[in-house]
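Asker: sequence first, predicted coordinates after that:
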Amino acid sequence: MSEILKFFIAGQWTTGTGKPFTTINPATGEEIATIGGASEADINTAVTGAIKALNSADWCDLKPHARAKILYQIGELIDEDADNLSQIQTSDNGKTIRESRNQIASAADCFRYYAGICETLEDTVTPSRGDYLSIAVSEPIGVVGLITPWNSPALLEANKLAPALAAGNCVILKPSEVTSLIALEYARISEKAGLPRGVLSVITGASDIGRLIVEHPAIGMISFTGGPIAGKRIAASAGALLKPVVLELGGKSPNIVFADADFKDAVSGVASGIFSGSGQSCVAGSRVLIQRSIFESFVTALVEHAESLVMGPPEAPATELGPLANFQHRDLVHSLVVQAREQGAELLCGGEIPQTAEFASGAYYPATVISNVSNQSSICQEEVFGPVVTVLPFDDEEDLLDQANDSAYGLASGIWTNNIKRARRIARKLQAGTVWINTYKQQSISTPFGGYKESGLGREKGTQGIRIYMQTKAILWAD
């Protein structure tokens, strides 16, 4: 039996008392490692360690500048180990090495950003109606549970860890069992950076471990990124305990192309918006709405672009389309495409699992463009989470908004037009947490991120991204 990788509980590395599991390289189908699985007893140990750390002078009384120093050092250590971390994510997740490098760099920036916020976050003196001082102060919630998905572990885990720690909380991180390796590396780096014992635990295991974290009475808050079914269950469980939640649950984002858009830029931007990361992005522009007068020409160009994408090993510099993160998900994506065709959709390119020797061992799926569908069809309403896009025509702004907003989701959207007034008008009417204009998937750690409707609750990133991990106390001081 191969050596079992240990996970991190309250300053100790352990194989745990639960069932070990394997992690698979989706590009080759080969086993990367066997990882120790946690049990309820391990979670209790992590919570006990977190409470002890929370009440210790090493964390509770640590001044913001000292906490910031540790966070900044984590960012620096991520940068120093960027090549190794990028390779780990690519092997574990299947992302192209180019995308992994970009995400590792962004993760380092995230820790440095919240180091700065940690030092500069201000309490508020509020107006009083008498002879007393009225102050609103922000304090940590205590012990928070972070549950992360498999699609972008390096980035999404940093986006939760950095603000939760900057706020002064102790954290129990549960990564996806599909991609646990980056979280373990973050534990190693945090330990090296001087994070006090017990402040961070990384618990590995399947979804039942996530449920135990959500339901633990001593864990005061849950932040979850993942699917809407799991998110609603988490919200219900947390609600029964009056426990706050942050939920980012996915999307079915419209990417809108008007006839006056820069044609070449729009084709490239739309293609990148859905096919980068093999479509495994919550903000992927998976519904392309195109003004009818350019519909045929635009779709032709989009199909040509899709067919030109280089699919191959994620470590290869020329690869633009790597494998999906796991085989089970690849099969689900394909089943949704098959279902769409059975319901009358027209397949313009892609839509078949590659059978050649080059791809047969991996979870590969080609760039796929689907036409001849209505916005009410299942392929346009369900999140596919793969390199699959539907194209739909629209006639005017009213028709456009009816289709764009006709979705249970409201995470992101894109607009391609050279008409500034139109862009602003449509942006304000789209039911989405993010609107890109003449670009797509551009991100800033300083800009709040989250969704409308079933795309989630709360906002990550920016100053809102740290405030959400804090609670407000009013202090009124009479002379």
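Answerer: Here it is on my side, so go on.
Asker: would you list the phi and psi of the residue nearest to residue 458 when sequence neighbours are not counted?
Answerer: Among residues not flanking residue 458 along the chain, residue 246 sits closest, at 3.9 Å (C-beta to C-beta, 6 or more residues apart in numbering). For every residue, glycine as well, the C-beta is placed using N, CA and C. The phi and psi torsions at residue 246 (degrees, to the nearest 10) take the values phi -120, psi 130.
Asker: hmm, residue 201 and residue 173 touching each other?
Answerer: Yes - here residue 173 reaches residue 201: they are 7.1 Å apart, a contact under C-beta atoms under 8 Å.
Asker: need the residues touching each of those two.
Answerer: Listed as contacting both residue 173 and residue 201 by C-beta atoms under 8 Å, 6 or more residues apart in numbering are residue 187.
Asker: re earlier: go ahead and confirm the residue nearest to residue 458 touches residue 464.
Answerer: No - counting by C-beta under 8 Å, residue 246 does not reach residue 464; the two are 10.2 Å apart.
Asker: out of these two, which sits in the busier spot?
Answerer: Per other C-beta atoms under 10 Å, whichever of residue 246 and residue 464 has more neighbours is residue 246, with 22 against 15.
Asker: how close does the more buried one get to residue 117?
Answerer: Residue 246 is 17 Å from residue 117, where distance means C-beta to C-beta, to the nearest Å.
Asker: swap in residue 9?
Answerer: Distance of residue 9 to residue 117, computed by C-beta to C-beta: 28 Å.
Asker: neighbour count: these two, which is higher?
Answerer: residue 9 (26 against 23).
Asker: confidence score at that one?
Answerer: We have a pLDDT of 97 for residue 9.
Asker: my guess is it contacts residue 48. True?
Answerer: No - assessed by C-beta under 8 Å, residue 9 is found out of contact with residue 48, at 9.6 Å.
Asker: what count of nearby residues applies to the residue nearest to residue 383 when sequence neighbours are not counted?
Answerer: The shortest distance from residue 383 to any non-neighbouring residue, by C-beta to C-beta, 6+ apart, is to residue 250 (4.9 Å). Residues lying near residue 250 (other C-beta under 10 Å) number 25.
Asker: same check, this time on the one 10 residues further on
Answerer: Other residues near residue 260 come to 13 when the count uses other C-beta under 10 Å.
Asker: cool, and residue 102?
Answerer: Residues within reach of residue 102, counting by other C-beta under 10 Å, total 15.
Asker: which SS state does it fall under?
Answerer: Counting by DSSP: H, G, I helix; E, B strand; the rest coil, the backbone at residue 102 sits in helix.
Asker: now do it against residue 261, distance only.
Answerer: Residue 102 is 26 Å from residue 261, by C-beta to C-beta.
Asker: residue 298 now?
Answerer: 9 Å.
Asker: again with residue 253
Answerer: From residue 253 to residue 261 the distance is 17 Å (C-beta to C-beta).
Asker: which of those two has more residues huddled nearby?
Answerer: When neighbours are counted by other C-beta under 10 Å, residue 253 and residue 261 differ, and residue 253 comes out ahead with 33 against 24.
Asker: where exactly do the strands run in the stretch 51-200 of the chain?
Answerer: Counting by DSSP state E, counting those that start in this stretch, the stretch 51-200 of the chain has these strands, from start to end: 124-126, 132-140, 143-147, 170-174, 200-202.
Asker: closest to residue 340 out of those strands?
Answerer: Nearest to residue 340, of all the strands of the stretch 51-200 of the chain, is strand 143-147, at 30.6 Å by C-beta to C-beta.
Asker: for residue 284, which non-adjacent residue is closest in space?
Answerer: Spatial nearest neighbour of residue 284, chain neighbours left out: residue 274 (5.2 Å); criterion: C-beta to C-beta, 6+ apart.
Asker: what about the residue nearest the centre of the chain, distance to residue 106?
Answerer: Compute the mean C-alpha point of the chain, and by C-alpha atoms, centre = their mean the closest residue is residue 156, 4.5 Å away. Computed as C-beta to C-beta, the residue 156 to residue 106 distance reads 10 Å.
Asker: any low-confidence regions in this protein?
Answerer: Applying pLDDT under 70 to the chain flags residues 1-2.
Asker: rewinding a little: surely the residue nearest to residue 284 is within a strand?
Answerer: No - judged by three-state DSSP, residue 274 forms no part of a strand; its state is helix.
Asker: surely it and residue 387 touch.
Answerer: Yes - if you go by C-beta under 8 Å, residue 274 and residue 387 touch, sitting 6.7 Å apart.
Asker: for residue 457, what are its contacts?
Answerer: 235, 245-247, 450.
Asker: which residues does residue 202 contact?
Answerer: Counting by C-beta under 8 Å, 6+ apart, residue 202 has contacts 7-8, 173-175, 183-184, 186-187.
Asker: could you rerun that using 10 Å?
Answerer: The neighbours of residue 202, taking C-beta atoms under 10 Å, 6 or more residues apart in numbering as the test, are 6-9, 13, 38, 46, 146, 157, 161, 171-175, 180, 182-188, 190.
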